[in-house]
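*Asks:* how would this look folded up:
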Amino acid sequence: MRYGDTVAVDGLSMRVERGSITAVLGPNGAGKTTTLETCEGFRRPQAGSVRVLGLDPVRQRRDLLPRIGVMLQSGGAWSGIRAEEMLRHVAALHAHPVPVGLLVERLGLDECGRTPYRRLSGGQQQRLGLAMALVGRPELVFVDEPTAGMDPAARRTTWDLLTELRGAGVTIVLTTHYLEEAERLADQVHVVDHGRVIASGSPFELTRSRGRATIRLVVTEPFPESAPESLRRALGEDTEVTQINQQSLLVTGPADASTLAKVSAWCEEQGVLPESLTLAQRTLEDVFLQLTGRELSP
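*Replies:* Predicted coordinates:
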């Protein structure tokens, strides 16, 4: 997919297994939204092919739409309509909808059912959007930032619901800026950058350290420009150094005390004052930073 001279999706290839939760992660502008909009049938690919539940999402759209649900990151409801009215309207478009009252209760919408959409909080709008995506009993549901703006309790409720849906055989594809969410929910993760899939695997496969650990170094003043390469030379070829921002580095190397000692010695030699120096096993956030060199932020 191209937009003028910009290649948004560049030979990207991925597969989502039935009955799984798959997370598609990537920095802003990586191509993940264009990819999912193509799968949902909103965009026609300029090259390559897409099949969703065995169907072409553009040519066979009428056959596909009753079988999928789509939760948008924002919007999807009329500004002045009340939350429960909107959900009942969407339910009426489906042959065998989930009882509206069940979704209202489960997603905590009873507290705002008579509130106009424009007056809902961000978290309430997200919960309504999820209910609208699920009310038609889809086989496959696309959820874009499902818990953005939610409080911790609502986020856990949403996680539990998505997990239950997977247990019932529903396939879920989600994008999220909460890497903890992807690590907790996803069976499979695809990391996308510059329009390509650069890594795929389960959260365990992607974070498995195999005797390696991550050191996060945060300093009080910005690093010199040469700091990442200088630290890499000091630590040796078996260590990776990724600069997160002007005052923090991510070091991945052997999980032993000597690596931590070498980082401390390098700080002393360079006149760098650490604010924090922490050692831990790799998380999905660490992997994402190493793969893309960027933090995942809204």
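
*Asks:* Report the outermost residue of the chain with respect to its centre.
*Replies:* In the chain, residue 269 marks the outermost C-alpha relative to the chain mean, sitting 39.2 Å out by C-alpha atoms, centre = their mean.

*Asks:* Which positions within the helix or strand hosting it qualify as buried?
*Replies:* Per DSSP states H and E: residue 269 is located in helix 257-270. Neighbour counts over helix 257-270 (16 or more other C-beta atoms under 10 Å) mark 259, 260, 262, 263, 266, 267, 270 as buried. Backbone N, C-alpha and C define where each C-beta goes, glycine included.

*Asks:* Next, the contact list for the fourth one, please.
*Replies:* Yep, that's residue 263 we're talking about. Residue 263 sits next to 215, 217, 231, 235, 251, 277 when contact means C-beta atoms under 8 Å, 6 or more residues apart in numbering.

*Asks:* In TSV: these, plus distance to residue 184.
*Replies:* Formatted as TSV, these follow (distance: C-beta to C-beta, whole Å):
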residue	distance to residue 184
215	24
217	27
231	32
235	32
251	25
277	27
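
*Asks:* Show me the two of those residues that sit farthest apart.
*Replies:* Maximum pairwise distance among those (C-beta to C-beta): 13.7 Å, between 235 and 277.

*Asks:* and the two? which has more neighbours close in?
*Replies:* The neighbour count for residue 235 versus residue 277, taken as other C-beta atoms under 10 Å, is higher for residue 235 (21 against 15).

*Asks:* distance of the closest residue to the more buried one other than its chain neighbours from residue 274?
*Replies:* Closest residue in space to residue 235, ignoring its immediate chain neighbours: residue 262 at 5.5 Å, by C-beta to C-beta, 6 or more residues apart in numbering. Remark: distance between residue 262 and residue 274 (C-beta to C-beta, to the nearest Å) = 13 Å.

*Asks:* what do you get for residue 258?
*Replies:* In terms of C-beta to C-beta, residue 258 sits 17 Å off from residue 274.

*Asks:* likewise residue 46?
*Replies:* 49 Å.

*Asks:* ok so, going back, and the contacts of residue 263, which of them are in strands?
*Replies:* Within these, residues falling in strands by DSSP state E are 215, 217, 251, 277.
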